[in-house]
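In: here's my sequence, what's the structure:
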Amino acid sequence: MHRLRPASTLAIALAIAVVVLAGCSGTTQTPTAATKLTVGLGYIPSVQFAAFYRADQAGYYSAEGLVVTFQNEIDANLVPKVGQGQVDLGLADGTSVIPAVSQRIPIKYVATIYGKFPSIVFAKADSGIKTAADLKGKKIGIPGKYGSSWIMLQALLGDAGLTTSDVTIVEYPDFGQGAAVGAGAVDAATGFANNEPVQLELAGTKTVVLTIDGVVPLPGPGIIVGTSTLGSKHDAVAGFVRATLKAMNEIAGTPAVGVDAAIKAVPDLAKNKPAQEAILAATIATWRAPSAPAGSPLTGSVDKAAWDQSVTLMTKLGLVPKAVTSGDLVDTTFAAAP
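Out: Numbering: from 1, shown residues only. Predicted coordinates for the structure are as follows:
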């Protein structure tokens, strides 16, 4: 809930005077109002979204003249809603943006939140899986043949000279592939660096994680905006990016601030605070790009060259119906280069 600060007696008197004078002159004066923004955060409320909760609770958004409302949507629903203007901004995966823009959904990616691509392949540490080549002949759990996990898996296998025909894909539409690894139903699975491996480790199961960053710089989740919103609320979008990055840098320095903000936003998270601390630590580790020095400020900058490499890969995989370039996909003016 956002509370209005009580105005001083002098401020009220001045406001009345403005209205009276406006009436005498035959014109009206409209006071500056806060800009309302609806922001889609994806999936379900989680400590992974601590930066957004912190920016809201600490007044960083209101200081930018914003009133922010959050809602949760999976990428498949969020991306078209942002394009249609039903949602002003969203946190969406870069690999969802590329095919969407290729299909003429009018969105732009304006700030990087996850500098490291969070989709990974994980397995038990005693599985014998150490590299992508070790996945040959193995059962791999995955939510489905779509989205960032599917793209990442194909790129990871391709780098080892393999294809999905060299493994057995087991689909878990209910996102139960993490439990399947723990139970031994599959040898490995796709997931997120700040989710399934963390949960397994907390349960006492050591894991090994394979990442895609050394193969191709796939763009991780970041802030997307509809092109119509960019035109009508440009300054508000800029303010939102600034406020969010301020909160991210604050949490990167003091993670407890983020955990507290997440628990305030989602009280049920307090039932297992150590788990939230572990998940947030893993989340913070994905915010900074692999090439960025440890402890360097998080700027949200967008690497156009890396996006072009991703377009090339996804085109090769048949996931880009109509040709696009980084210029069609991103707007680099909202986040400063490091």
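
In: OK, contacts around residue 331?
Out: Neighbour list for residue 331: 108-110, 225, 230, 302 [criterion: C-beta atoms under 8 Å, 6 or more residues apart in numbering]. The C-beta positions use only the backbone N, C-alpha and C, and glycine is treated the same way.

In: number of nearby residues for residue 321?
Out: Look at residue 321: counted by other C-beta atoms under 10 Å, it has 11 neighbours.

In: show me the strands in this structure, by range?
Out: Assignment of strands within the chain using DSSP state E yields the ranges 35-40, 66-71, 89-92, 107-112, 119-124, 139-142, 168-171, 188-192, 207-210, 222-226.

In: need those in CSV with mean neighbour count, can you?
Out: Converted to CSV, those look like this (neighbours: other C-beta atoms under 10 Å):
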stretch, mean neighbour count
strand 35-40, 20
strand 66-71, 18
strand 89-92, 27
strand 107-112, 25
strand 119-124, 24
strand 139-142, 23
strand 168-171, 14
strand 188-192, 26
strand 207-210, 19
strand 222-226, 27
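
In: format those strands as TSV; extra columns: distance to residue 181.
Out: Shown next, in TSV, are the strands of the chain (distance: least, C-beta to C-beta, whole Å):
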stretch	distance to residue 181
strand 35-40	29
strand 66-71	31
strand 89-92	26
strand 107-112	29
strand 119-124	6
strand 139-142	7
strand 168-171	11
strand 188-192	5
strand 207-210	8
strand 222-226	28
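
In: ok, which of those strands comes nearest residue 280?
Out: Minimum separation from residue 280 across the strands of the chain (C-beta to C-beta) falls at strand 188-192, 13.2 Å.

In: what about dumping the CA coordinates of the closest one to CSV?
Out: Extracted in CSV, the C-alpha atoms of strand 188-192 (Å, rounded to 0.1, in the frame of the first residue of the first chain):
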residue,chain,number,x,y,z
ALA,A,188,20.2,-35.0,-15.2
ALA,A,189,17.7,-32.2,-15.8
THR,A,190,17.4,-28.6,-16.9
GLY,A,191,16.6,-26.0,-14.4
PHE,A,192,17.8,-22.7,-13.0
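
In: list the buried residues for stretch 325-337?
Out: 326, 328-332, 334-335 (16 or more other C-beta atoms under 10 Å).

In: hmm, I was thinking of stretch 81-88
Out: 81-83, 87-88.

In: what's the answer for stretch 154-161, then?
Out: Quick answer for stretch 154-161 (16+ other C-beta under 10 Å): 154-158, 160.

In: which of those residues fall in helices?
Out: 154-158 (DSSP state H).

In: ok so, going back, mean pLDDT for the strands of the chain - can I get that in TSV?
Out: Listed next are the strands of the chain as TSV, based on pLDDT from 0 to 100:
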stretch	mean pLDDT
strand 35-40	97
strand 66-71	97
strand 89-92	96
strand 107-112	98
strand 119-124	98
strand 139-142	98
strand 168-171	98
strand 188-192	97
strand 207-210	97
strand 222-226	98
